[in-house]
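[1] let me see the structure of the following:
(2 chains)
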Number of protein chains: 2
Amino acid sequence: IEKDLQATISGDDGGSVNKEALRQAVVNTLERRLFYIPAFKIYGGVAGLYDYGPPGCAVKSNVLGFWRQHFVLEENMLEVDCPCVTPEVVLKASGHVEKFTDLMVKDEASGMCYRADHLLKDYCKDKLEKDLRITSEMAMELKEVLSKLDVLSAEELGACIKKYGITAPDTKNPLSDPYPFNLMFQTSIGPSGVSTGYMRPETAQGIFVNFRDLYYYNGNKLPFAAAQIGQAFRNEISPRQGLLRVREFTLAEIEHFVDPEDKSHPKFSDVAHLEFLMFPRDEQKPGQSARIISLGEAVSSKDSKIVDNETLGYFIGRVYLFLTHLGIDKNRLRFRQHLANEMAHYAQDCWDAEIETSYGWIECVGIADRSAYDLKAHSEKSRVDLEAQEKYSEPREVEKLVISPVKKAIGLAFKGDQKKVLEALEAMKEEEALKMKTDLESKGEVEFYVCTLEKKVSINSSMVTISKEKKKEHQRVFTPSVIEPSFGIGRIIYCLYEHSYYMRPSKDGNEQFNVFRFPPLVAPIKCTVFPLVQKQEYEEVSKVISKSLTASGISHKIDITGTSIGKRYARTDELGVPFAITVDSVSSVTIRERDSKDQIRVDVSEAASVVKDIAEGVRTWADVWSAFPHHSSGSADE
Amino acid sequence: IEKDLQATISGDDGGSVNKEALRQAVVNTLERRLFYIPAFKIYGGVAGLYDYGPPGCAVKSNVLGFWRQHFVLEENMLEVDCPCVTPEVVLKASGHVEKFTDLMVKDEASGMCYRADHLLKDYCKDKLEKDLRITSEMAMELKEVLSKLDVLSAEELGACIKKYGITAPDTKNPLSDPYPFNLMFQTSIGPSGVSTGYMRPETAQGIFVNFRDLYYYNGNKLPFAAAQIGQAFRNEISPRQGLLRVREFTLAEIEHFVDPEDKSHPKFSDVAHLEFLMFPRDEQKPGQSARIISLGEAVSSKDSKIVDNETLGYFIGRVYLFLTHLGIDKNRLRFRQHLANEMAHYAQDCWDAEIETSYGWIECVGIADRSAYDLKAHSEKSRVDLEAQEKYSEPREVEKLVISPVKKAIGLAFKGDQKKVLEALEAMKEEEALKMKTDLESKGEVEFYVCTLEKKVSINSSMVTISKEKKKEHQRVFTPSVIEPSFGIGRIIYCLYEHSYYMRPSKDGNEQFNVFRFPPLVAPIKCTVFPLVQKQEYEEVSKVISKSLTASGISHKIDITGTSIGKRYARTDELGVPFAITVDSVSSVTIRERDSKDQIRVDVSEAASVVKDIAEGVRTWADVWSAFPHHSSGSADE
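    Model prediction:
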């Protein structure tokens, strides 16, 4: 198995056995060192709920800190912080109450619940992998099912389950027809029990409902972005895939509001030169895979433009920089465009940052142009305008359609129905009105369908005048488009664990040590302080260094146990600690870098500030490697 | 009103009218500048739910960042991050399912719900303040009721409501008897609907259930502390007091695990010299108030020891430092000890950090010695040991009680009941066993109550031997005590707003400007960059400075509008921005300090680093004031 692991880690394609073994090795290390803990473990745990233990919590806090620096601070975004408890009306407007569902089937005898698509997926994969007798037609059919699993309706899923005779995996009992199960955790707000609430399934809605205030705060200027970091909740039917599909998770979301008529971005040129794996919609066919494309080309090339607009492209580039800075391997990161049937009807374009792990390609960041959908939905439901204005520097002349019904004539003709006829006339769209105008001019009378009356009525030229008039306008009022990069923080962190993990043999080759190659930015602890041997003076020097690290805000660990220095290094390599300060004299100490195991020698008084500089990105290891004397210690590091 | 405000702000006791006016002025500024926003405002809002807008969110993030530095990093605490969704079993063990309630009354006709103690409090206050005809006996009685409002039982509250004829405030309808309403938001985990969950009412339980793993992570050593920052939820019956009593809030909690036999603290001497307002239990009598006490005295003085132990005292001191560093006025901060009837039965001692605001003294941090209660409760319910061991350097001889039932004799005597009798004998407490031993020696036979049989049985000397034996023990096994400092972050922030707010008149005295005197640590934006006048070169310099501020991670705002410099200063004073860089040449710029309005002149290239140093506490304004030339600008700052 160790060889397999090595193969997997070094990138050879060893197939699914290797992936399983790698995952087991990573997950064992993560659980043993408390990067995460199944939540409420002493009570048997709850599927889909996890705790972050001390190192995991520190990694998360570092990732969020960098997110704030890279996005919020860099772009001057307006960060907000809204409650998780959300009243029903908000999530009705957003569509979550009606549509945020997965299709579920129930074991008809035991009542156990399953996700319908999961059962079908398992069936197809199992047949394809293990049943050697299936015909090639059948194999084709199953592959076809697998490819459209995400878009099957309840009826289609039900038909497949019936056709293949799929039963409940735990009991082999028959299954119910698939039916939608809403994934929101429901609760009740206040003591009366009449006010339904939900735990938010995403943080975005808190920003949309505040658009008006935020727009004002930004000096009534577009574009601007708001951002939010917070918990979100999805009551998954049957959580699988460990840390990747959970019932409570941290989202970091950006809502960038922009004029739908101008989605250029002033800083696009900063990212246009980037090249990375992209997987455009049209290329997502069997046998094809993502290819390296220049972002500038992808957005601006006239013939082969694949990203809808500059702002969307800018965020794709910034997300690429964010993820690779954290330590995600750029060769296992791709940006995949949503297929037309994957996107919501209102979406203009949508790209997922997908990261390759032992579970396959995992969606970690979604970057969507959601057009004006969300603001319009909330505006309609709340009856509060969520719009922006563009003031013209000079008034503009525009042609406007004017529909003027003649109340008296309509009243005489339609009596009790007059109000409905009047409203229907006024509500005509431009095209319809212009046709009526032409028809009235030529025929004097037209048939007109009034939907509120559910019948046609006869309209003549005395009842309405329709004209196009020129008007001066001083501003344009419109609903902004929203471009939304949405980050699943827990998923990114899990992928980072897999990409950062490697094993290296001990010097004698008899043991394998686990290492996480976290960059200092991410590392849960930046540095350890070890007296080389148990000696009063060394301990005191260690404490002095520890104190100045604390004062500089550098998280570190001091280990004065008599354990061999090699073991102490190995223990902290496993936590991904990038630097170790070893006190082997009272005047100078060594600093060891985790991955190269190289050591430099620095004065006691300088040790903390050297580590601080590297941890904060002011200097690199290469900088200090060339600035300080090297220290070689043959026997220590084992 | 302005005069009243000035009086209040400058500390004169202007009574409740002034307090109301101050609060209105603060709250208006906070809402207008989006420090906070009633959540879901466009839908009419939900009582007790608030959003933090951009400056509020930044203040919160700064407060939490400092909390991490001051507590977690400084004390090497183990930070964890657990889910909000919590299964019922955990909250049954902790006692929340049974006891986390408020007493509620219902309007019998409309169904509207009220907190019983709130209605009684309002009635008493109203009578005392407005009804001039009440007798002095009645006044005494009402004051008495007010003083014990927190400890009244449902029956007592109900009796008062009946006696005073209190009706529903909105309708004057009669009210139901008071009954307990559980304050947890309830939900259901998973699709089947059979697994009840709650949104956690505190973060502490997530730490307790992980004690075993955390103890192991800490090398099986005590003392150590775990910490958690996260959302908590309380479904208040009728939230009042704006940001102080809300339904969802951020808690920061520390659970410090310590040997119950040794609660000394190695760093207590670091805080022993602190002196501040303390309000010991025995002094909380009418007419008395908190007095300045030295912490060292409070903990160690033999005659007048008022804080139970050093560790509790250490945290009281650290909390004092934390709050005053943030900008809480030490003259309006007191540590109040809980009265005996306020504490849970298991608590050893408990102190609240209370901050004085326009609403009165507000509990913002609770610091409790909770003994071993929580760990024992979870250990019992989960059947997992949550214990610590102290290994003795040398084995110790201890006397141990040994109860050895004689199975054969018991079997013969009790047949089908033998197992229950056996277990009951083995479960005897030391005292009971020793009494049986004496009785058996004197009488040969004793009556013994077996609770599982619900009857007495007769035990004779052939059935059991009881002895005290000397044994060598290598370690002591015990349940650690927990000392818990628990911080209501939202409350601290609101108090900070009130303590930081002041008004100052414009130069001509015709206007009043709002200012928040946040220390740089807390300020939502550290610095603004203003070109003095609209001029291409100045704008470019501003952008260069802005860029280096971003690179240093210093949040700032650049304002290139042509608005007068005085107005731009006033706008940002209202956000508590401590420094303003004004670009009035291409070689050097001025930096203005918010409260003194003093200005220094620095080179363009230095501007960002000077602000960074002050913002990060490396230098103070006094340092730079003495290091750089002063700049006086008579007309600018209006």
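[2] flag every buried residue along stretch A:357-376.
    Neighbour counts using 16 or more other C-beta atoms under 10 Å in any protein chain shown place A:357-359, A:361-362, A:364-375 of stretch A:357-376 among the buried residues. In this view, the C-beta of every residue, glycine as well, is placed from N, C-alpha and C.
[3] restricted to helices, list those.
    The helices, defined by DSSP state H, take in A:Tyr373, A:Asp374, A:Leu375 from the buried residues of stretch A:357-376.
[4] looking at these, which is nearest B:Ile306?
    The shortest approach to B:Ile306 among those belongs to A:Asp374, at 56.7 Å (C-beta to C-beta).
[5] now do the contacts for the closest one.
    By C-beta atoms under 8 Å, 6 or more residues apart in numbering or on different chains, the contact list for A:Asp374 reads A:Ser94, A:Ala204, A:Gln205, A:Phe208, A:Val482.
[6] could those residues go into JSON lines alongside distance to chain B, secondary structure and pLDDT?
    As requested, the contacts of A:Asp374 are exported to JSON lines (distance: C-beta to the nearest C-beta, whole Å; DSSP: H, G, I helix; E, B strand; the rest coil; pLDDT from 0 to 100):
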{"residue": "A:Ser94", "distance to chain B": "12", "secondary structure": "coil", "pLDDT": "94"}
{"residue": "A:Ala204", "distance to chain B": "13", "secondary structure": "helix", "pLDDT": "96"}
{"residue": "A:Gln205", "distance to chain B": "9", "secondary structure": "helix", "pLDDT": "97"}
{"residue": "A:Phe208", "distance to chain B": "9", "secondary structure": "helix", "pLDDT": "97"}
{"residue": "A:Val482", "distance to chain B": "16", "secondary structure": "strand", "pLDDT": "97"}
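[7] burial check on the closest residue to A:Asn218 other than its chain neighbours, number of neighbours?
    Nearest residue to A:Asn218, sequence neighbours excluded (C-beta to C-beta, 6 or more residues apart in numbering or on different chains): A:Phe224, at 4.3 Å. A:Phe224 has 21 neighbouring residues, counting by other C-beta atoms under 10 Å in any protein chain shown.
[8] now the one 4 residues further on
    Counted with other C-beta under 10 Å, the burial measure for A:Gln228 works out to 26 neighbours.
[9] now the one 3 residues further on
    Other residues within reach of A:Gln231 by the criterion other C-beta under 10 Å amount to 18.
[10] with A:Glu454 instead?
    That count, for A:Glu454 with other C-beta under 10 Å as the rule, works out to 7.
[11] roughly how far does it sit from B:Ala109?
    43 Å (C-beta to C-beta, to the nearest Å).
[12] in chain A, where's the longest strand?
    Longest strand in chain A by number of residues (criterion: DSSP state E): strand A:388-405.
[13] check whether that strand contacts chain B.
    No. Using C-beta under 8 Å from any C-beta of the partner chain, strand A:388-405 stays clear of chain B, with a minimum separation of 14.4 Å.
[14] that strand packs against which elements?
    helix A:418-426, helix A:430-443, strand A:464-478 (3 or more C-beta pairs under 8 Å, 6 or more residues apart in numbering or on different chains; DSSP states H and E).
[15] among the ones you listed, which is nearest chain B?
    With C-beta to the nearest C-beta, the closest approach to chain B among those belongs to strand A:464-478: 17.6 Å.
[16] return the set of buried residues in the closest one.
    A:Val464, A:Ile466.
[17] name all residues that make contact with A:Gln599.
    Contacts of A:Gln599 (C-beta under 8 Å, 6+ apart): A:Thr582, A:Thr590, A:Ile591, A:Arg592, A:Glu593, A:His630, A:His631, A:Ser632, A:Ser633.
[18] what residues does the stretch 351-500 of chain A have near chain B?
    Residues of the stretch 351-500 of chain A lying close to chain B by C-beta under 8 Å from any C-beta are A:His378, A:Lys381, A:Ser382, A:Val384, A:Leu386.
[19] next one: the stretch 501-638 of chain A
    Counting by C-beta under 8 Å from any C-beta, the stretch 501-638 of chain A sits next to chain B at A:Thr550, A:Gly553, A:Ser555, A:Lys557, A:Thr561.
[20] most neighbours among the residues you listed, which one is it?
    Neighbour max across these (other C-beta under 10 Å) = A:Ser555, 22 neighbours.
[21] list the contacts for the closest residue in space to that one that isn't next to it in sequence?
    Excluding the flanking residues, the one nearest A:Ser555 by C-beta to C-beta, 6+ apart is A:Ile525, at 5.1 Å. By C-beta under 8 Å, 6+ apart, A:Ile525 lies in contact with A:Pro55, A:Ala58, A:Ser555, A:His556, A:Lys557, A:Thr572, A:Leu575, A:Val577.
[22] spell out the secondary structure type for A:Ile525.
    coil (DSSP: H, G, I helix; E, B strand; the rest coil).
[23] try A:Lys143
    Recorded secondary structure, A:Lys143: helix (three-state DSSP).
[24] same thing with A:Arg334?
    strand.
[25] my read: it touches A:Pro280, true?
    No. Between A:Arg334 and A:Pro280 there is no contact under C-beta atoms under 8 Å: 10.8 Å.
[26] between the two, point out the one with more neighbours.
    A:Arg334 (21 against 18).
[27] could you measure from the more buried one over to chain B?
    29 Å (C-beta to the nearest C-beta, to the nearest Å).
[28] and that residue, what is it in contact with?
    Each residue near A:Arg334 by C-beta under 8 Å, 6+ apart is listed here: A:Phe276, A:Leu277, A:Met278, A:Phe279, A:Ala290, A:Ala353, A:Glu354, A:Glu356, A:Trp361.
[29] which one of these sits closest to B:Arg568?
    Of all those, B:Arg568 sits closest to A:Ala353, with 39.6 Å by C-beta to C-beta.
[30] tell me which element the closest one is part of?
    strand A:349-357 (DSSP states H and E).
[31] got it, and A:Leu323?
    helix A:310-326.
[32] number of residues surrounding the closest residue to A:Met138 other than its chain neighbours?
    Excluding its sequence neighbours, the residue lying closest to A:Met138 (C-beta to C-beta, 6+ apart) is A:Lys127, at 7.7 Å. A:Lys127 has 16 neighbouring residues, counting by other C-beta under 10 Å.
[33] A:Tyr216 too?
    11.
[34] distance check, it against B:Val464.
    82 Å.
[35] quick check, A:Lys267 in contact with A:Gly317.
    No. The criterion here is C-beta under 8 Å, and A:Lys267 misses it with A:Gly317 at 9.4 Å.
[36] please identify which of those two sits among more neighbours.
    Here A:Lys267 and A:Gly317 are compared on neighbour count by other C-beta under 10 Å; more neighbours surround A:Gly317, at 25 against 14.
[37] residues touching the more buried one, list them.
    So A:Gly317 contacts A:Phe268, A:Asp270, A:Val271, A:Ala272, A:Leu274, A:Leu295 (C-beta under 8 Å, 6+ apart).
[38] what about the fifth one, distance to A:Asp308?
    In this structure, A:Leu274 and A:Asp308 are separated by 17 Å, where distance is defined by C-beta to C-beta.
[39] what does the second one give?
    Remark: distance between A:Asp270 and A:Asp308 (C-beta to C-beta) = 19 Å.
[40] more neighbours: those two, which one.
    Neighbours per residue, other C-beta under 10 Å: of A:Asp270 and A:Asp308, the larger number sits with A:Asp308, 18 against 13.
[41] for the nearest residue to that one once chain neighbours are set aside, name its beta-bridge partners.
    Counting by C-beta to C-beta, 6+ apart, A:Asp349 is the residue found nearest to A:Asp308 once chain neighbours are left out, at 3.6 Å. For A:Asp349, the beta-bridge partners are A:Asp369 (DSSP bridges).
[42] count of neighbours near A:Asp349?
    Neighbours around A:Asp349, by other C-beta under 10 Å: 20.
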